[in-house]
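Asker: Let's see this in three dimensions:
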Amino acid sequence: MCGRYASSRDPSDLVVEFEIEAGNVRESVQELPDNYNVAPTDQVIAVVERKNREQPEDTVRKLTTVKWGLVPSWAKDTSIGSRLINARMETVAEKPAFKKAFATRRCILPADGYYEWYTAEEKVNGKPVKQPYFIHPPDGSVLAMAGLYEIWRDKSVQDAEKDEAWLWTCTVLTTSATDDLGRIHDRMPLLVERERYDAWLDPLSSDPDDLLDLLVPAAPGRLEAYAVSKAVSSVKNNGPHLVDPLPPDGADPIDKPPAPEETTLF
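Answerer: From the prediction side, this is the model:
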């Protein structure tokens, strides 16, 4: 699964990468701080393409924010979202929770990289040791994760014209991990290659076979993985230090004992 990732791209870089007109960037994107420990239920940046209301045959690409954890339009409440942070490629076209969004509401979730936890054979206090890894493009390029989005009507807000009457949510598509990454975890996010952005985002395209053909696991060598501090395991921790690789000796800063307090002799 994909349950954490890092997102610190400047919106101006994303506008260029995904060919979005400056006027189609929502204010919420500019207000969203860098997040090196994105977790489910967080607000995240998404690239979406919507039909033009005035000219339905045309589309408009936008940079917006959505809540991670998909809430289908038919859901009675939003609680289901926490269980729908990932959608498996193998079943996304048939699952009731994802089928409609897969047909017409696909998005791209830009990331610096994502985290996965390797479960070691060794145990501490009877529990397996889980070592987090940061997986990212070694060239520093944007990781364009394939996603779906939904728009849920909050009926507690009577005025449908208000923004708060509509909740935008998303999920990350996953597939079996490639051999070089499968040693860490058996699942990984699906990526959208640059030359396939247009076809994936196009809301006028809905053939499931054509859409699935657009998605491929990362090619061998496309992503790099290295061990990072277990500090990322807590959502309370954030900051660029979370993506720093552990030193060669594997010493984790979080395991260091606190420095003794200084005492003053009188």
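Asker: what about the strands in the protein?
Answerer: Taking DSSP state E to define them, one finds strands in the chain at 4-7, 35-38, 43-51, 59-68, 86-88, 106-111, 113-124, 127-136, 143-153, 166-176, 187-189, 224-227.
Asker: out of the ones you listed, nearest to residue 20?
Answerer: strand 59-68 (5.2 Å; CB to CB). Every residue, glycine included, has its C-beta placed from N, CA and C.
Asker: quick one: the closest one to chain centroid distance?
Answerer: With CA atoms, centre = their mean, to the nearest Å as the basis, strand 59-68 stands 13 Å off its chain's centre.
Asker: Repeat that for stretch 196-211.
Answerer: Mean C-alpha position of stretch 196-211 versus that of the full chain (CA atoms, centre = their mean) differs by 19 Å.
Asker: Look at it and report the distance between its end residues.
Answerer: 10 Å (CA to CA, to the nearest Å).
Asker: ok, now stretch 64-73?
Answerer: 19 Å.
Asker: same deal with stretch 85-96?
Answerer: 15 Å.
Asker: Buried residues in stretch 169-185, which are they?
Answerer: 169, 170, 171, 172, 173, 174, 175, 177, 178, 181, 184, 185 (16 or more other CB atoms under 10 Å).
Asker: which residues of the stretch 101-250 of the chain score low on pLDDT?
Answerer: 179-180, 182 (pLDDT under 70).
Asker: Give me the neighbour count for the residue nearest to residue 240 when sequence neighbours are not counted.
Answerer: The shortest distance from residue 240 to any residue other than its chain neighbours is 5.8 Å, reached at residue 36 (CB to CB, 6 or more residues apart in numbering). Using other CB atoms under 10 Å, residue 36 has 21 other residues around it.
Asker: Give me the pLDDT value at residue 36.
Answerer: Listed pLDDT for residue 36 reads 98.
Asker: mind starting the numbering at 876 from now?
Answerer: Noted, 876 is the first residue going forward, which turns the last one into residue 911.
Asker: give the contact list for it.
Answerer: Applying CB atoms under 8 Å, 6 or more residues apart in numbering to residue 911 gives the contacts 881, 882, 883, 987, 1107, 1113, 1114, 1115, 1116, 1117, 1118.
Asker: The same query, at a cut-off of 7 Å, please.
Answerer: By CB atoms under 7 Å, 6 or more residues apart in numbering, residue 911 lies in contact with 881, 883, 1113, 1114, 1115, 1117, 1118.
Asker: Narrow those residues to just the buried residues.
Answerer: 881, 1113, 1117, 1118.
Asker: Would you confirm that the first one contacts residue 986?
Answerer: Which is residue 881. Yes - using CB atoms under 7 Å, residue 881 is in contact with residue 986, at 6.4 Å.
Asker: which residues do those two both contact?
Answerer: Joint contacts of residue 881 and residue 986 (CB under 7 Å, 6+ apart) do not exist.
Asker: Contact partners for the closest residue to residue 933 other than its chain neighbours?
Answerer: Nearest residue to residue 933, sequence neighbours excluded (CB to CB, 6+ apart): residue 927, at 4.2 Å. Contacts for residue 927 (CB under 7 Å, 6+ apart) come out as 933, 934, 935.
Asker: which residue sits closest to residue 1128, ignoring its sequence neighbours?
Answerer: Using CB to CB, 6+ apart, the closest residue to residue 1128 is residue 1104 (5.7 Å).
Asker: Just give the number of residues close to that neighbour.
Answerer: 21.
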